[in-house]
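>>> fold the stuff below for me.
(2 chains, ligands or ions: 1)
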Amino acid sequence: MEPINVVNSVLTPLNRKNVDTDQIISKEFLKRIERTGFGQFVFYHWRFDQNDQPIEDFVLNQPQYQGSKILVAHENFGCGSSREHAPWAILDYGFNVVIAPSFADIFHNNCFKNGILPIKLTISEVEELLATGETSPLETEVNLEAQTVTANGKVYNFTIDPYYKQMLLNGWDEISLTFQYDEQITKYEATRKVF
Amino acid sequence: MAKNIIEKVWDQHVVYQEDGKPDLLYIDLHLIHEVTSPQAFEGLRLNNRKVRRPDLCFATMDHNVPTKNLTTINDPIAKKQINTLAENCAEFGVKLADMGHPDQGIVHVIGPQLGLTQPGKTIVCGDSHTSTHGAFGAIAFGIGTSEVEHVLSTQTLWQNKPKTMEIRVNGELGFGVTAKDIILAIIAKFGIDVGTGHIVEFTGDAIHQLSMEERMTICNMSIEAGAKAGLISPDQITVDYIKGRDYAPQGDAFEEATEYWLSLASDSDATYDRVLEIDSNEIEPFVTWGTNPSMGSGISTHVPYAADFEDESDKQALKKALQYMDLQEGTPLTDIAIQHVFIGSCTNSRLHDLRSAAAVIEGKKVSENVKAIVVPGSVTVKKQAEEEGLDKIFLEAGFEWRESGCSMCLAMNEDVVPAGERCASTSNRNFEGRQGAGSRTHLVSPQMAAAAAIAGHFVDVREILNVPV
Ligand code: SF4
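Residues are numbered from 1 along each chain as shown, chains lettered A, B, ... in the order given. Alright, predicted model coming up:
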């Protein structure tokens, strides 16, 4: 997994709450057996109409947000299905930061395993970013080490679990880390209740 | 100190604990299906790793399987995914209920059916509805594919201990009200993200009077309230259900297990981080009218008005949902006509569900405007239903009787609701496009779906039920 620390780009304002993983990546694209190549399908049915033509007013199709690495959305982002294809699609499309007031648990977990930084800001902070970002492209800097989002001359601080922060900063492979606890696992297995 | 079941089961599974880190949690049962596992097995191969405990894994195929004819998968990519699972299971020594195997079925239906699901276990699967298994008093939750790979290699997961929540359902259920209505009412009342960061225990008289199959319906949808997992303390009904199943302990071991299982139930003076309550007499048969499972109402009511909501973003969400659903504010729910009925999914495809739907349609005919299908949750459920003659009741009424699988719950196979058409569905998600691009899903109980199939629109099933089913 790629380490992540400082990210600079315009932010993409997706002013919706309860964005579910069915919308992030629709089931017809889940049949691949690879981890890559899902970016072209991200938010497919919001980006394209029934004839596969781009829907112009959808935010991802607007020219000013092309190349953005930071997605901002409303509450409960990533709810629904556990499909990791959702963070794979978001990352493959080019986002490596998602900012929202709250995230669904499984999606939130999945982000850390893939080098995506999920940032929780307050509802009013997110609304401020969405409103400003919708009016004109908003250059934003995210700094994981410092735990800050800087935009429009303002600095927003965020908190993050220290363990996951280290994982993202270092791009660690969690499985290799866990192998260091092999002895404890084996000991646990010896005493485990089995019926 | 008094403990609730969540704390008891969690604490018993902590392999390693250190300040500033999540707990390293041992996993007792890892269920696997074809959609969320290929990349995990590929990861093992790339890193030259093996499956640590193949004996604690069990795999099946469900999401992609055809329900008309098991032997022909027309979609080559689906076929590849199914073949990949078979190859991976063979290579890594994982037990598989393959296509055509008598144990094949929706992963959350076969776990309990085989006796693999037991109280006190930690159970994971690369699937959010793993919460279903919580009905037995297990901590069961959905994980992503990276975590699937982590469990395959280490049989553990790093997990922050979630907060605990009690949702108490008081009183006795009214006539014609089912487990599905309880959980839809809970989600409508408390919201789609009320459970975020929590494991929920469902308690109260109304819950402990339910059968195991009904309890599974409740726990299945706890993820739709955002909960990490949902569970119910084991009692005698739990123990009786498990007895004699293929993977259940036998003889003396069963007695010993029973004692352990019952000891896991929450202590009477246990506390929770949060407690919510709902009264059974608030609950009537439910129908969703929107695009997430919290957007639902009792059948005697109507599609809400924007003015009913205070929050501006809720008003906007209602507008977007109604636009997608092509519904008007204030429309009585019984005025909504449907073109499709789907009885199936890990929420409502077990024997009890099929029986209760069959009781509603017996001797009646499906409306000529409606295409209705029944997809049993597993090969075994299908067989048992046929032994009881349920298939004949459905077929005579004009339903199609299919092979088991996920089917129209997520429409990854050929069972798709066309754009612009409406489906009364016993599944768990009414997200945009869930049953096919542009499709419109209304979540209901099996008996409400059956009643709608006959009338061609939603009806209050209590008006046509003579006897409780
Ligand atoms: S039946 Fe539906 S919800 Fe259940 S596992 Fe299958 S696709 Fe998922």
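
>>> show me where chain A dips below the pLDDT cut-off.
Nowhere does chain A drop to pLDDT under 70.

>>> tell me which residue in it sits closest to the ligand.
Closest residue of chain A to the ligand, CB to the nearest ligand atom: A:S81 (7.3 Å). Bear in mind the C-beta positions are built from the backbone N, C-alpha and C, glycine included.

>>> that residue and A:T21 touch, don't they?
Yes: contact status for A:S81 versus A:T21: in contact at 4.6 Å, counting by CB atoms under 8 Å.

>>> may I see the domains of chain B written out as residue ranges?
Split into domains by the TED database, chain B comes to B:5-159, B:286-463.

>>> give the contact list for the residue of chain A closest to the ligand.
Under the criterion of CB atoms under 8 Å, 6 or more residues apart in numbering or on different chains, the neighbours of A:S81 are A:20-22, B:127-128, B:429.

>>> cool, and B:A449?
B:341-343, B:357, B:424-426.

>>> I'd guessed A:F95 sits against A:Y65; true?
No: the criterion here is CB under 8 Å, and A:F95 misses it with A:Y65 at 10.7 Å.

>>> how far away is the residue of chain A closest to the ligand from A:K27?
Distance of A:S81 to A:K27, computed by CB to CB, to the nearest Å: 8 Å.

>>> now swap in B:A451 and tell me
Taking CB to CB, one finds B:A451 at 28 Å from A:K27.

>>> neighbour count: those two, which is higher?
The residue with more neighbours, out of B:A451 and A:K27, is B:A451; 29 against 25, by other CB atoms under 10 Å in any protein chain shown.

>>> just the element for that one, please.
helix B:446-455 (DSSP states H and E).

>>> model confidence over that helix, on average?
Helix B:446-455 shows a mean pLDDT of 98.

>>> quick one: it near the ligand?
No: figure legend: helix B:446-455 not in contact with the ligand (CB under 6 Å from any ligand atom); closest approach 13.9 Å.

>>> could I have the CA atoms of that helix written out in PDB?
Output of helix B:446-455 as PDB, limited to C-alpha atoms (Å, rounded to 0.1, in the frame of the first residue of the first chain):
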ATOM      1  CA  PRO B 446     -43.000 -12.000   3.000                       C
ATOM      2  CA  GLN B 447     -46.700 -11.900   3.700                       C
ATOM      3  CA  MET B 448     -46.900  -8.300   2.700                       C
ATOM      4  CA  ALA B 449     -45.100  -9.200  -0.600                       C
ATOM      5  CA  ALA B 450     -47.500 -12.100  -1.100                       C
ATOM      6  CA  ALA B 451     -50.500  -9.900  -0.500                       C
ATOM      7  CA  ALA B 452     -49.200  -7.300  -3.000                       C
ATOM      8  CA  ALA B 453     -48.600  -9.900  -5.600                       C
ATOM      9  CA  ILE B 454     -52.300 -10.800  -5.500                       C
ATOM     10  CA  ALA B 455     -53.700  -7.300  -5.400                       C
END
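
>>> what comes up buried for it?
B:446-455 (16 or more other CB atoms under 10 Å in any protein chain shown).

>>> same question, stretch B:183-192
B:183-188, B:190-192.

>>> if we take these, which one ends up nearest to A:A73?
Nearest to A:A73 out of the buried residues of stretch B:183-192 is B:I192 (CB to CB; 14.8 Å).

>>> what's the closest non-adjacent residue to that closest one?
With CB to CB, 6 or more residues apart in numbering or on different chains as the measure, B:S294 is the residue that lies nearest to B:I192, at 4.2 Å, once sequence neighbours are left out.

>>> tally of neighbours for the one you found?
B:S294: 22 surrounding residues under other CB under 10 Å.

>>> what of the one 3 residues further on?
Under the neighbour criterion other CB under 10 Å, B:S297 is assigned a count of 19.

>>> so what's residue 84 up against?
No chain in the question, so chain A it is. A:110, A:113-114, B:36, B:39, B:126, B:144-146.

>>> not what I meant, chain B
When contacts are counted by CB under 8 Å, 6+ apart, B:T84 touches A:33, B:34, B:38, B:41.

>>> pretty sure B:L157 sits against B:E149.
No: here B:L157 does not reach B:E149: they are 10.8 Å apart, not a contact under CB under 8 Å.

>>> so which bits of the biggest helix by length in chain A are buried?
Looking across chain A with DSSP state H, the single longest helix is helix A:123-135. Judged by neighbour count using 16+ other CB under 10 Å, the buried positions of helix A:123-135 are A:125-130, A:132-134.

>>> and B:D311, how many neighbours does it have?
9.

>>> how close does it get to A:H74?
Distance from B:D311 to A:H74, by CB to CB: 11 Å.

>>> cool, and B:L46?
37 Å.

>>> what do you get for B:T347?
Applying CB to CB to B:T347 and A:H74 gives a distance of 27 Å.

>>> quick one, which of those two is more surrounded?
More crowded of B:T347 and A:H74, by other CB under 10 Å: B:T347, with 30 against 22.

>>> that one should be in a strand, yeah?
No: counting by DSSP: H, G, I helix; E, B strand; the rest coil, B:T347 is not part of a strand but coil.

>>> got a list of what it touches?
B:129, B:180, B:217, B:220-221, B:426-428.

>>> where's it relative to B:D19, distance?
B:T347 is 40 Å from B:D19, by CB to CB.

>>> what does the stretch 151-300 of chain B put close to chain A?
B:153-156, B:158, B:160, B:162, B:192-193, B:196-197, B:223, B:226, B:228, B:248-249, B:253-254, B:256-257, B:260, B:292 (CB under 8 Å from any CB of the partner chain).

>>> restricted to helices, list those residues.
B:153-154, B:253-254, B:256-257, B:260.

>>> what's the most distant pair in those residues?
Largest pairwise distance in those, by CB to CB, is 32.3 Å, between B:S153 and B:F254.

>>> with neighbour numbers in mind, choose between those two.
Applying other CB under 10 Å to B:S153 and B:F254 shows that B:S153 carries more neighbours, namely 21 against 17.

>>> write out the residues of chain B neighbouring the ligand.
B:62-63, B:106, B:108, B:127, B:129, B:345-346, B:406, B:409-410, B:427-428.

>>> what is the nearest of those residues to B:I237?
Checking these against B:I237 with CB to CB, the nearest one is B:H108 at 18.7 Å.

>>> so which elements touch the helix or strand containing the closest one?
Per DSSP H and E: B:H108 is located in helix B:107-114. Judged by 3 or more CB pairs under 8 Å, 6 or more residues apart in numbering or on different chains; DSSP states H and E, helix B:107-114 is in contact with strand B:29-32, strand B:57-60, strand B:122-125, helix B:212-220, helix B:379-387.

>>> tilt between it and helix B:212-220?
Between helix B:107-114 and helix B:212-220, the angle comes out at 150 degrees (axes from the mean of the first three to the mean of the last three CA atoms, to 10 degrees).

>>> contacts for helix B:107-114?
Under CB under 8 Å, 6+ apart, the answer for helix B:107-114 is B:29, B:31-33, B:58, B:60, B:62, B:97, B:103-105, B:116-117, B:123, B:125, B:127, B:129-130, B:132-133, B:135-136, B:212, B:216, B:220, B:241, B:245-247, B:346, B:349-350, B:377-378, B:380-381, B:404.

>>> okay then, goodbye and thanks.
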